[in-house]
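Asks: give the three-dimensional model of this entry:
(one chain, ligands or ions: 1)
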Amino acid sequence: MRKPLIAGNWKMNMTPTEAKTFIANFINQNLDSDIEVAVIPPFVDLEIISREIKGTKIKLGAQNMCWEDNGAYTGEISPLMLKEIGVEYVIIGHSERRGYFKEDDTMLNLKMKACQKHGLKPILCVGETLEEREKGMTLDRIGYELTEDLKDITLKELVIAYEPIWAIGTGKNASPEDAQAVIEYIRKKADELLGIGEDIRILYGGSVKSDNIKGFMAREGIDGALVGGASLKVDEFTRIVNFKEV
Ligand code: PEP
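Replies: Take a look at the predicted model:
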């Protein structure tokens, strides 16, 4: 039985002061206990959030990480640093990292291996551009990303997020039917590559809000959501987590 996961990716938003105010309010919300909830703030907010969520069921994630443990990698953050402050999840290969920061699949495979080595749970993001979708290449692109990023990976617990690039931060969504069809393909491919397709949680991400989450969560095989913009307001993110009540 896969427990649904709803994770809020704050991207480059919220100073430590703002993060503290957010989390102080969020931990007092009555969250659906059937849903696993994670917040994924910028690096400088991790420590303060980690302290505030102690003793709650809220999980902590990081938005990125270096593949090395330490060394001459100016500007990078290592898996050891993340582990020490209580990080459990790490987003690997968000389309904004692939696009703006030129992270390629070879690098992402190294990051996946670093998660494996240190017992961090990756949330591996895959998804197609609008052009690829229009050319009917969605599954080719995602199949390629999965094959490359999961090379030599033997992790027993990982999360994959299907995030169509054209739906991120745009207010446009994949329809729940389309998301379900791609997620079905991802599960089959992950099973072929790792032999654990049925155990992997696969999330949908791309302009998820409180008024559309229910449609995604109603679909068999969609195990939760990676939420960007709508995770920045306590009320809205709470409504998303508590979608069954809406
Ligand atoms: C994301 O950052 O992963 C994301 C899906 O963003 P948004 O919800 O804002 O589209």
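Asks: identify each buried residue in the helix or strand containing Ile186, please.
Replies: Using DSSP states H and E, Ile186 sits within helix 176-194. By neighbour count with 16 or more other C-beta atoms under 10 Å, helix 176-194 contains the buried residues 176, 178-180, 182-187, 189-190, 193-194. All C-beta spots, glycine's among them, are computed from the backbone N, C-alpha and C.
Asks: and the helix or strand that it is followed by with the ligand, contact?
Replies: Next in sequence after helix 176-194, counting helices and strands by DSSP H and E, comes strand 201-205. Yes: Strand 201-205 is in contact with the ligand by C-beta under 6 Å from any ligand atom, via Gly205.
Asks: elements contacting whatever helix or strand comes next after strand 201-205?
Replies: Reading on from strand 201-205 to the C-terminus, the next helix or strand found by DSSP H and E is helix 213-217. Using 3 or more C-beta pairs under 8 Å, 6 or more residues apart in numbering; DSSP states H and E, the elements in contact with helix 213-217 are helix 176-194, strand 224-227.
Asks: and if we set it to 10 Å?
Replies: Applying 3 or more C-beta pairs under 10 Å, 6 or more residues apart in numbering; DSSP states H and E, we find helix 213-217 packed against helix 176-194, strand 201-205, strand 224-227, helix 234-241.
Asks: how close does the nearest residue to Gly171 once chain neighbours are set aside sit to the ligand?
Replies: Nearest residue to Gly171, sequence neighbours excluded (C-beta to C-beta, 6 or more residues apart in numbering): Ser207, at 5.3 Å. Counting by C-beta to the nearest ligand atom, to the nearest Å, the separation of Ser207 from the ligand is 4 Å.
Asks: my read: Ser207 touches Ile240, true?
Replies: No: using C-beta atoms under 10 Å, Ser207 makes no contact with Ile240, being 11.8 Å away.
Asks: and those two? Which one has more around it.
Replies: More neighbours surround Ile240 than the other of Ser207 and Ile240, with 26 against 19 (other C-beta atoms under 10 Å).
Asks: coming back round to it: identify the contacts common to Ser207 and Ile240.
Replies: Common neighbours of Ser207 and Ile240, using C-beta atoms under 10 Å, 6 or more residues apart in numbering, are Val227, Ala230.
Asks: need the contact list for the residue in the chain that the ligand sits nearest to.
Replies: At 2.1 Å from the ligand, Gly228 is the closest residue in the chain, using C-beta to the nearest ligand atom. Counting by C-beta under 10 Å, 6+ apart, Gly228 makes contact with 8-11, 13, 40, 94, 96, 163, 168-169, 205-208.
Asks: and it, how close does it get to Asn173?
Replies: Here Gly228 is placed at a distance of 12 Å from Asn173 (C-beta to C-beta, to the nearest Å).
Asks: any residues in contact with both of the two?
Replies: With C-beta under 10 Å, 6+ apart, Gly228 and Asn173 have common neighbours Gly205, Gly206, Ser207, Val208.
Asks: where along this structure do the strands fall?
Replies: Under the criterion DSSP state E, strands of the chain are mapped to 5-9, 36-40, 59-62, 89-92, 121-126, 159-162, 201-205, 224-227.
Asks: mind giving me TSV with the ones you listed and columns for distance to Glu134, mean pLDDT and mean neighbour count?
Replies: Output for the strands of the chain, formatted as TSV (distance: least, C-beta to C-beta, whole Å; pLDDT from 0 to 100; neighbours: other C-beta atoms under 10 Å):
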stretch	distance to Glu134	mean pLDDT	mean neighbour count
strand 5-9	26	98	25
strand 36-40	30	98	25
strand 59-62	32	98	22
strand 89-92	27	98	26
strand 121-126	18	98	25
strand 159-162	18	98	27
strand 201-205	20	98	26
strand 224-227	23	98	28
